[in-house]
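# My questions concern the predicted model and sequence given below.
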Amino acid sequence: MSIASDVLRSSKGRVVLGVVAAWALFQLWLTMAAPGKIAPELEGTSEKVNVQIELPFTPERFHVLAFQQYGRVSGTDEHSIELRGVKRTDLRSVARPYWVTAVGPIKEGG
Amino acid sequence: MNLMLQIWGGYVRLTQRWPGLAAIVPFIPVLALWTAVSEAGLFPRAFFPGPADVVRAFFTLTYKGILPDYLQDSLIRLATGAAVGVAIGIPLGVLIGTSRWAHRICWPVLLFFQAIGDIAWLPILLIWFGFGLTTMTFVIVYTVLFPVVLNTVLGVESVPRDLSRAALSLGASRARVLWEVTLPGALPNIITGLRNGLGYGWRALIAVEMIVGTSGIGFMMFDARRAGSTVEILLGMIILGLLWYIVDAWILAPLERATGQRWGLVTS
């Protein structure tokens, strides 16, 4: 009897494997859902784009720091973060977290 | 007396049916005492929040994505550090355990560096690598390495020489003796070393994240101190304990038992 079959036979092993599988499925869903959060207005040919990231809560330092790796955070308001100079190739990564509801163009003067 | 016996009987039946309950029940008095003290208002709520506040903080931080992200960072750091530590530690331990020359050269060096605690390395690591992943990985690798090496040496040395001699006399090559006699015989000790090493590594990681981290559970707890958020500190402590309990009791301990049962009898 191999260790793998021992793991499958034990309830703890099945719970651990179930959690790992659920996590993997959730990550897959995040990857698949990300393009749907990006507004069609952001389509274009320029290499970089300025975006407004919508969140369901007031952004905290953690969220500002998380987006700083993709561009320059130029401001926040009650439910969004303005991020400038984002590479188009990074847009899906910006939209990927489950706590991002939408990524659209910056609402100038808004 | 009769009532106590009935309660005890009920508890035994319940834990036999659902063994997982046996691990939860001891925490009930702790939780009850915690709730009672916090509800009694002996201390200000900001300094001593109750279990319900901690549960609320758990959901809030998860909703905002902070907790899963920090937890993931901590786990990835531990897994990376442990993988590197094990990749260096097991071959080094086997070498020291099988070669007298390697033992003479490495053993004093090993004992010397074992005395220098992982945190003692931090000042010089910060100068060399700065506040970053390299510093954290170094500390975890360093912490994991010693229990793995020392237990591997112990395991290799505990395999009876007669078994190796018997295999050699039957025509086995040295590599085959190492693979089929020495390593299986030493495996229970190696797993014990891994279990201890990961435990120490987990603690070291939290300490390092507090000092040099910009993310992770340790960072979350230390950052909460800045904001005076006792509830986040308590949440971090509970997550540390809970996560380690799951990793140790659900993964490492069964692995240790499995290898002991499977290969431990080589020595008898």
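Noted; the coordinates are in hand.
# quick one: what helix or strand has B:Pro49 in it?
Assigning secondary structure by DSSP states H and E places B:Pro49 outside every helix and strand.
# quick one: which helix or strand includes the residue nearest to it when sequence neighbours are not counted?
In space, B:Pro49 comes closest to B:Val231 once its chain neighbours are excluded; the distance is 4.4 Å by Cβ to Cβ, 6 or more residues apart in numbering or on different chains. Just so you know, the C-beta spots here come from the backbone N, C-alpha and C atoms, and that holds for glycine as well. If you go by DSSP H and E, B:Val231 is part of helix B:230-245.
# Now do that helix: distance to the chain's middle.
Offset of helix B:230-245 from its chain centre (Cα atoms, centre = their mean, to the nearest Å): 15 Å.
# Now do that helix: which elements does it pack against?
helix B:51-63, helix B:66-98, helix B:183-212, helix B:217-227 (3 or more Cβ pairs under 8 Å, 6 or more residues apart in numbering or on different chains; DSSP states H and E).
# hmm, try it at 6 Å
helix B:51-63, helix B:217-227 (3 or more Cβ pairs under 6 Å, 6 or more residues apart in numbering or on different chains; DSSP states H and E).
# from the ones you listed, which stretch is densest packed?
helix B:217-227 (a mean of 19; mean count of other Cβ atoms under 10 Å in any protein chain shown).
# Can you pull the phi/psi pair for the closest residue to chain B within chain A?
The nearest approach of chain A to chain B comes at A:Trp99, 4.0 Å away (Cβ to the nearest Cβ). Per-residue torsions, A:Trp99: phi -90, psi 10 (degrees, to the nearest 10).
# Equivalent analysis for B:Ala172, please.
B:Ala172 adopts backbone torsions of phi -70, psi 140, taken as degrees, to the nearest 10.
# Nearest residue to it in space, please, no chain neighbours.
Nearest non-adjacent residue to B:Ala172, counting by Cβ to Cβ, 6+ apart: B:Glu180, 7.2 Å away.
# measure the most centrally placed residue in chain B to chain A for me?
Nearest to the geometric centre of chain B sits B:Gly199, at 2.1 Å (Cα atoms, centre = their mean). Distance, B:Gly199 to chain A, by Cβ to the nearest Cβ, to the nearest Å: 18 Å.
# Could you tell me how many residues sit around the closest residue in space to the residue of chain A closest to chain B that isn't next to it in sequence?
Once flanking residues are discounted, A:Trp99 sits nearest to B:Gly65: 4.0 Å by Cβ to Cβ, 6+ apart. By other Cβ atoms under 10 Å in any protein chain shown, the residues close to B:Gly65 number 19.
# One more: A:Glu54?
By the criterion of other Cβ under 10 Å, A:Glu54 has 15 neighbours.
# and it, how far is that from A:Trp29?
Here A:Glu54 is placed at a distance of 19 Å from A:Trp29 (Cβ to Cβ, to the nearest Å).
# Scan chain A for its longest helix.
The single longest helix within chain A, with elements called by DSSP state H, is helix A:11-37.
# quick check, that helix touching chain B?
Yes - using Cβ under 6 Å from any Cβ of the partner chain, helix A:11-37 reaches chain B at A:12, A:16.
# What strands line up against the helix or strand following that helix, and which way round?
Sequence order places strand A:48-54 as the next helix or strand after helix A:11-37, per DSSP H and E. Applying DSSP bridges, strand A:48-54 is found paired with strand A:80-87 (antiparallel), strand A:102-105 (antiparallel).
# So which of these is the most surrounded?
Greatest average neighbour count among those goes to strand A:80-87 (a mean of 19), per mean count of other Cβ under 10 Å.
# And chain B, is the next helix-or-strand element following it touching that?
The helix or strand immediately downstream of strand A:80-87 is helix A:91-95, counting by DSSP H and E. No - residues of helix A:91-95 contacting chain B under Cβ under 6 Å from any Cβ: none, with a closest distance of 13.1 Å.
# got the buried residues for helix A:91-95?
A:91, A:94-95 (16 or more other Cβ atoms under 10 Å in any protein chain shown).
# repeat for stretch B:15-23
Per 16+ other Cβ under 10 Å, stretch B:15-23 contains no buried residues.
# Now do the end-to-end distance for that stretch.
Counting by Cα to Cα, to the nearest Å, you get 9 Å between the two ends of stretch B:15-23.
# how about B:Pro103, what does it touch?
If you look again at residue B:103, you'll see it is His, not Pro. B:Ile96 (Cβ atoms under 6 Å, 6 or more residues apart in numbering or on different chains).
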